[in-house]
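# I'd like to go over a predicted model; first the sequence, then the structure.
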Amino acid sequence: EQIARINRLERELAAHLVPLREKPYVVFHDAYQYFEKRFGLHPAGAVTIAPDRPPGARRLGALRSHIRATGARCIFVEPQFTPRTAAIIAEGTKARIAILDPVGADLMPGVDAYFKLMERLGASLAGCLNMP
């Protein structure tokens, strides 16, 4: 039953995410490689390499330029980090700030947690990237 449920989840995520393959976005840090690879998503970059070390002014400016150049639509932050950095990067671009939660900190542990986490990731990506 769980295998069937996982296969169903994968089909549902693909239905929402495959159309977004060509829409660039930026993540806070590169925590989504396997998810992105599975669904053919291509982020335009990551704000930081190590989430415990904030990016410097040069990196913020380079990201802002990169967002303009790629037309990245969204900058995804994570609930455990301050969105202030994303707001600085988004200044002067058309990118929106949205939340991706890779850990599901508010999810109740149990059989459904994985499914809810994956559904939320898909919904967050689609919700921001589908906005005009």
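Nice, thanks for sending it over. Here the structure is a predicted model, which is why all the values come from computation and not from measurement.

# contacts and neighbour counts: CA atoms only from here.
Fine.

# Mind giving me the packing neighbours of the helix or strand of the chain with the lowest mean pLDDT?
Using mean pLDDT, DSSP states H and E, the weakest-scoring helix or strand in the chain turns out to be strand 45-48, at a mean of 87. Strand 45-48 sits against strand 25-29, helix 57-70, with contacts defined as 3 or more CA pairs under 8 Å, 6 or more residues apart in numbering; DSSP states H and E.

# Is it possible to get CSV of those that adds distance to I97?
Converted to CSV, those look like this (distance: least, CA to CA, whole Å):
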stretch, distance to I97
strand 25-29, 10
helix 57-70, 12
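
# Which one of the ones you listed lies nearest to A87?
helix 57-70 (10.4 Å; CA to CA).

# From the chain's centroid, how far away is that closest one?
17 Å (CA atoms, centre = their mean, to the nearest Å).
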